[in-house]
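Participant: sequence plus the predicted model coming up.
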Amino acid sequence: MNPKELTNKGAVTKPRDRDIMVTINSNTLYNLPYPPTEAQIDANTYLVDDEGLESRFGESNKNFETLVFPGKEMIWAARSFEPLGVDRDYSVSLQSVSQNKEPGNANFFVQATPLPVSRDGKIHGTIANFDRPISDDSYTINFLITYQGETRTYPLDPKLRLNQ
């Protein structure tokens with residue numbers, strides 16, 4: 001196996017850009033007492049990456065870990081769970097991504113954090129190249145839910161793991 005490849009779930013993963021979709025039960029989450037607990041946010045968010053790894057509604061998002069590659073792009077997007085149903089009056093958008101850096105770790109991203117939202121409504125970050133192994137880091141995805149002109153901010157704290 002090429003040293004730039006890592007086996008994940010029995011399949012060979014080659015260096016490439018990565019995508020994460022955040023799906024939100026926006027009606028339910030917005031109508032909980034604000035600010036909600038981490039468990040309430042986890043109960044109403046669903047994360048899935050481009051390999052199908054998922055953190056389902058109710059599972060801890062702290063355990064959601066995405067394998068990333070130096071020099072490749074990480075892309076986050078968000079949507080409502082039922083945009084034509086109970087969530088139709090609630091607007092969901094991303095706000096930023098920030099690294100929760102462990103002491104001694106370098107920045108995971110080439111760009112300074114927080115990473116802002118791009119014109120396409122997604123957040124894009126390029127994974128930095130490292131000259132030494134680094135440990136996994138958590139990061140925070142901040143997203144917004146707007147209802148009748150009032151906007152609330154919510155955090156998610158998954159992890160990135162560098163293919164080293």
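Facilitator: Nice, I can see it.

Participant: now do Ile20 against Gly104, distance only.
Facilitator: Separation of Ile20 from Gly104 (C-beta to C-beta, to the nearest Å) stands at 26 Å. Glycine gets a C-beta too; all of them are placed from N, C-alpha and C.

Participant: neighbour count: these two, which is higher?
Facilitator: Remark: of Ile20 and Gly104, Ile20 carries more neighbours, 24 against 7, as counted by other C-beta atoms under 10 Å.

Participant: which residues does the more buried one bridge with?
Facilitator: Here Ile20 shows beta-bridge partners Asp49, Trp76, assigned using DSSP bridges.

Participant: with Glu54 instead?
Facilitator: Under DSSP bridges, the beta-bridge partners of Glu54 are Val48.

Participant: test for you: state the pLDDT assigned to it.
Facilitator: The predicted local distance difference test score for Glu54 is 94.

Participant: that one: neighbouring residues, count only.
Facilitator: Glu54 has 14 neighbouring residues, counting by other C-beta under 10 Å.

Participant: ok, so what distance separates it from Val110?
Facilitator: From Glu54 over to Val110 (counting by C-beta to C-beta), the distance is 27 Å.

Participant: also Lys122?
Facilitator: Applying C-beta to C-beta, the value for Lys122 to Val110 is 17 Å.

Participant: and what of Ala128?
Facilitator: Separation of Ala128 from Val110 (C-beta to C-beta) stands at 5 Å.

Participant: swap in Gln40?
Facilitator: Gln40 sits 34 Å away from Val110, going by C-beta to C-beta.

Participant: so which of Ala128 and Val110 has more stuff around it?
Facilitator: For the pair Ala128 and Val110, the greater number of neighbours falls to Ala128 (16 against 13), based on other C-beta under 10 Å.

Participant: let me see the contact set for that one.
Facilitator: 70, 106-110 (C-beta atoms under 8 Å, 6 or more residues apart in numbering).
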